[in-house]
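> make a model of this:
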Amino acid sequence: MRQLLVCMLIAVAVAGCKGQPEKNNEEAESAQSMDSETTDMEQAGDWVVLFDGTSFDGWKGYLRDDIPEHWKLEDGAMVLYPPENRPEGESYNLVSEQNFSSFVLSLEWQISEGGNSGIFWGIKEDPKYHEPYETGPEIQVLDNERHPDAKAGTTHQAGALYDMVAPSEDVTRPVGEWNTCVITVDLEQKRGSVELNGMKIVDFPVANEMWDVMVSKSKFAGWEGFGKFTNGKIGLQDHGDKVAFRNIKIKQL
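Next comes the predicted model:
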């Protein structure tokens, strides 16, 4: 009887030892899965939301401390309704409260029929510059079919680095639909690019001699502050037409 009891105890111990590695494997797999999720979260965390669709937090009117009343929140977007009769010299451009240098900016835009707008970076907010375009280079937002700017030259079409680099092709969606735009400005690599609706359509130099030559051949030649600031605000243009922006986020490089 005693010998039988010993044999049973040994069998239980062996069975316990055989089951232990399976438990350890399960724990290891669980830990690996958690590590993977953490890595994904860290990568996602590189993006900073600049506009979440619920408020204008982080934005202001250019050369003012508030949001112009003509910008509204609608269905998760910020929408500009410019007045028909505006006071002379008044504009309603928006700028980010924060300055940025090297970044990837992602947003969606929707232009009205025959409309014109733009996305700026490197804006120097200073009273001697009355408009954001006096310092900030612009990526064009446009109704390519109906706005006369599209006929003025391809460097004025949607997605262009305005008046300097034309898009390789027109990939805009019909008026009333949303276009996804990704703008990269990398000062370390001295390069920038524009991706529109999943297609890379523009490459351009930044902060080097090639940039200076490019500017010298544009309408901005001789402008005191244009493209001179490597640390500046992001801007959304009031060009007198209805325009909407949403899902704005940025990743600093």
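> tell me the buried residues in stretch 112-123?
112, 115-123 (16 or more other C-beta atoms under 10 Å). (Each C-beta comes from the backbone N, C-alpha and C, glycine too.)
> what does stretch 83-93 give?
91-93.
> so which residues make contact with it?
Stretch 83-93 has contacts (C-beta atoms under 8 Å, 6 or more residues apart in numbering) with 61-62, 68, 70-71, 80, 82, 130-132, 235-238.
> list buried residues within those residues.
61-62, 68, 71, 80, 82, 131-132, 235-238.
> which two in those are spaced the farthest apart?
Farthest apart among the buried ones among the contacts of stretch 83-93 by C-beta to C-beta are Trp71 and Glu131. That separation is 16.6 Å.
> let me know the secondary structure of Val213.
helix (DSSP: H, G, I helix; E, B strand; the rest coil).
> that one: neighbour count?
Neighbour count for Val213, taken as other C-beta atoms under 10 Å: 10.
> shift numbering so it begins at 435
Okay, residue one is now 435; in that scheme the one you just asked about reads as Val647.
> strands along the stretch 435-584 of the chain, start to end?
482-485, 493-495, 505-508, 511-514, 528-534, 537-545, 550-557, 572-576 (DSSP state E, counting those that start in this stretch).
> dump those strands to TSV, plus distance to Val649.
Shown next, in TSV, are the strands of the stretch 435-584 of the chain (distance: least, C-beta to C-beta, whole Å):
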stretch	distance to Val649
strand 482-485	27
strand 493-495	27
strand 505-508	30
strand 511-514	28
strand 528-534	20
strand 537-545	20
strand 550-557	12
strand 572-576	12
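> so which of these gets nearest Asn631?
When those are compared by C-beta to C-beta, strand 537-545 sits nearest Asn631, at 9.8 Å.
> follow-up on the earlier one: and of the buried residues of stretch 517-527, the nearest to Asp509?
So of those, ranked by how close each gets to Asp509 (C-beta to C-beta), first place is Tyr526, at 20.1 Å.
> how near is that closest one to Asp499?
14 Å (C-beta to C-beta, to the nearest Å).
> cool, and Lys624?
35 Å.
> same thing with Gly661?
In terms of C-beta to C-beta, Gly661 sits 26 Å off from Asp499.
> neighbour-wise, which of the two wins?
Set Gly661 next to Asp499 and count neighbours by other C-beta under 10 Å: Gly661 wins out with 21 against 7.
> on the three-state scheme, that one is what?
Secondary structure assignment for Gly661 (three-state DSSP): coil.
> shaky segments in the stretch 435-584 of the chain?
435-479 (pLDDT under 70).
> verify the contact between Trp543 and Gln574 for me.
No - checked against C-beta atoms under 8 Å, the pair Trp543 and Gln574 is beyond contact range at 10.4 Å.
> OK, contacts around Val616?
Val616 neighbours (C-beta under 8 Å, 6+ apart): 538-540, 628-630.
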